[in-house]
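K.L.:
3D model of this:
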Amino acid sequence: MLLISGGGTGGHFFPALAFMEFVKDREKTLFVGAKRGIEYTLRDKIPAKKIFLEVYPFRGVPLKERLKAIYYFIKSQKEIKASGDFKSLVFGGYASLPLGIFTIRKRKPLFIHEQNSIPSKTNRLISKKAEEIFITFEYTRKYFKNAKKVGIPVRKELLQKIDKREAKEKLGLDPEKETLLILGGSQGALFLNRFALELAKYTTMQIVLISGMKHYDSLKEYVNKRFRILPFSLQMNLIYSAADFAISRAGAGTITELSLYGIPTLFIPYPYAADDHQYYNAKEIEELGGGKVIRQEDVDLKKVLKELSYIVANKEEMSRAIKRFANPKAAQEIYEILKSLG
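P.N.:
Below you'll find the predicted structure:
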């Protein structure tokens, strides 16, 4: 049996979900998640048996909350039911720590997937007992020297590309005009939303802004023929297919998706990400030649327009460069290694 965990946030859950979709007809699988994580909200999409634990983050919370986290962590060890031969694959985040420790206690094969350039505290804690560690960024070798770089598993619908002209027409855009996608990750980004309104006045490109659900109502009045705003999309393959360029946060999943579509991107990393990992994620793409990076505190209209002009002028070269980061067969490669080592 294969036990899988990863969640709390979309960045940890969606790669786990994509991997479960890949193995659903190949392996008997149990998913272990958190009741308070995004994985519980999206539990109907999980193609496996599943249990959800009452677990809480330990890092960056007051003492009372840490004590609560420890109590429920101890309780979780009795709630995970697995016996006989099993192996576990964890994708990080506080939601995956109970399975990681459970697997170590039972002396079963443990595998780790780290999405970001700087590993989560959970993955660092359990890494010494892992059979294999899968990574996304070369920078991560500073922490896991013998790791295997495979990239992030991506859900199969994201691999279904659409003709660019057709995609623009489906979104009600002019198929002859270049399209700039602005997105702040699964929850949207207030800073990027506000900046998009200003930028729209000074660029000739048509814009598609993924605002996030909680910000959409305050922005929808600005929608026009050249400025599309969506709270979120269940058809990101359509959105990416229509995009010529992007301005984006720098979560590992978002970078992977942009790279699969070869979209040259100006990254504005989220400045409060743990250990500033989004900045290091984005810098790897900049070093490949597939994007540019501006820290949020350095953002102004003049600087952004200058960087966008550079990206537009070097579109083909940068598109080829960012594509080199992508690995559409990540799930398959991980599964083959699990089969051979576990």
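K.L.:
mind checking the longest helix of the chain?
P.N.:
helix 63-79 (DSSP state H).
K.L.:
which helices and strands sit right next to that one?
P.N.:
Applying 3 or more CB pairs under 8 Å, 6 or more residues apart in numbering; DSSP states H and E, one finds that helix 63-79 makes contact with strand 49-53, helix 97-105. Quick note: C-beta positions are derived from backbone N, CA and C, even for glycine.
K.L.:
poorly predicted segments of the stretch 151-300 of the chain, please.
P.N.:
In the predicted model, the stretch 151-300 of the chain carries pLDDT under 70 at residues 185-188.
K.L.:
can you pull out the strands in the stretch 101-250 of the chain?
P.N.:
Under the criterion DSSP state E, counting those that start in this stretch, the stretch 101-250 of the chain contains strands at 110-114, 132-135, 148-149, 179-183, 206-210, 227-230, 245-248.
K.L.:
identify whichever of those strands lies nearest to Ala330.
P.N.:
Taking CB to CB, strand 132-135 is the member of those nearest to Ala330, at 8.2 Å.
K.L.:
residues touching the closest one, excluding its own?
P.N.:
111-114, 123, 127, 141, 144, 146-150, 334, 337, 341 (CB atoms under 8 Å, 6 or more residues apart in numbering).
K.L.:
kindly report the same for stretch 288-308.
P.N.:
With contact meaning CB under 8 Å, 6+ apart, stretch 288-308 is reached by 180, 191, 195, 198-199, 202-203, 245, 247, 250, 259, 264-271, 279, 282-283, 285-286, 310-311, 317-319, 321-325.
K.L.:
at 6 Å instead, please
P.N.:
Residues outside stretch 288-308 that contact it (CB atoms under 6 Å, 6 or more residues apart in numbering): 265-268, 271, 282-283, 285-286, 318, 321-322.
K.L.:
need the residues you listed in a markdown table (columns: secondary structure and distance to Arg226).
P.N.:
Below are the contacts of stretch 288-308 laid out as a markdown table (DSSP: H, G, I helix; E, B strand; the rest coil; distance: CB to CB, whole Å):
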| residue | secondary structure | distance to Arg226 |
| --- | --- | --- |
| Thr265 | strand | 20 |
| Leu266 | strand | 19 |
| Phe267 | strand | 24 |
| Ile268 | coil | 22 |
| Pro271 | coil | 29 |
| Ala282 | helix | 27 |
| Lys283 | helix | 32 |
| Ile285 | helix | 28 |
| Glu286 | helix | 29 |
| Met318 | helix | 24 |
| Ala321 | helix | 28 |
| Ile322 | helix | 25 |
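K.L.:
which of those residues sit farthest apart?
P.N.:
Farthest-apart pair in the contacts of stretch 288-308 is Pro271 and Ala321; separation 25.2 Å (CB to CB).
K.L.:
so for these two, which residue has more residues nearby?
P.N.:
Using other CB atoms under 10 Å, the more surrounded residue of Pro271 and Ala321 is Ala321, with 20 against 12.
K.L.:
ok, back up a step: what's the angle from the longest helix of the chain to strand 49-53?
P.N.:
Helix 63-79 runs at 150 degrees relative to strand 49-53, counting by axes from the mean of the first three to the mean of the last three CA atoms, to 10 degrees.
K.L.:
what's the closest of the contacts of stretch 288-308 to Pro231?
P.N.:
Using CB to CB, Ile268 is the member of the contacts of stretch 288-308 that lies nearest Pro231, at 20.1 Å.
K.L.:
relative to Glu21, how far out is that closest one?
P.N.:
Between Ile268 and Glu21 the distance, using CB to CB, to the nearest Å, works out to 31 Å.
K.L.:
which one's more surrounded, those two?
P.N.:
Ranked by neighbour count (other CB under 10 Å), Ile268 and Glu21 place Ile268 first, with 27 against 19.
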